[in-house]
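Student: Here is a sequence together with a model predicted from it:
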Amino acid sequence: MKKDIATLIGGFLTALLMFFGTIGISFDWFTTDSINAFVVLISAFIALVINGYAVWKNTFVTKKAQQFKENALKAQGLIKK
């Protein structure tokens with residue numbers, strides 16, 4: 001899914017570049033290379049968000065999760081308190 005989103009954005013920006021070229025508008029910074037760099041940036045950002053979410057969900061950082069961890073360990077007899 002991550003790759004599909006990046007491909008969709010890259011395709012849209014490429015179509016926009018072609019459209020601007022057709023009507024005679026050009027920007028020095030808006031090139032195929034800048035589009036490719038932006039797509040790589042978007043892909044990396046999506047990967048970072050997914051990894052951050054996975055770390056957040058799979059560790060006991062919130063107070064509720066820490067209580068759950070402590071209660072689960074108590075129930076198994078692994079800690080005494």
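Tutor: Received, thanks.

Student: residue ranges of the helices in this structure, please?
Tutor: Applying DSSP state H to the chain gives helices spanning 2-22, 32-57, 63-75.

Student: among those, which gets the worst mean confidence?
Tutor: Lowest mean pLDDT of these: helix 63-75, a mean of 79.

Student: Quick check: buried residues in it?
Tutor: Across helix 63-75, burial judged by 16 or more other C-beta atoms under 10 Å covers no residue at all. All C-beta atoms are positioned from the backbone trio N, CA, C, and that covers glycine.

Student: so how far is that helix off the chain centroid?
Tutor: Distance, stretch centre to chain centre, for helix 63-75: 30 Å (C-alpha atoms, centre = their mean, to the nearest Å).

Student: tell me the angle of that helix relative to helix 32-57?
Tutor: Here helix 63-75 points in a direction 40 degrees away from that of helix 32-57 (axes from the mean of the first three to the mean of the last three C-alpha atoms, to 10 degrees).

Student: residues near A6, how many?
Tutor: Close neighbours of A6, defined as other C-beta atoms under 10 Å, add up to 20.

Student: any idea how far the residue lying closest to it once chain neighbours are set aside is from F30?
Tutor: Counting by C-beta to C-beta, 6 or more residues apart in numbering, A6 lies nearest to S43, which is 4.4 Å off, once chain neighbours are set aside. In this view, S43 and F30 are 19 Å apart by C-beta to C-beta, to the nearest Å.
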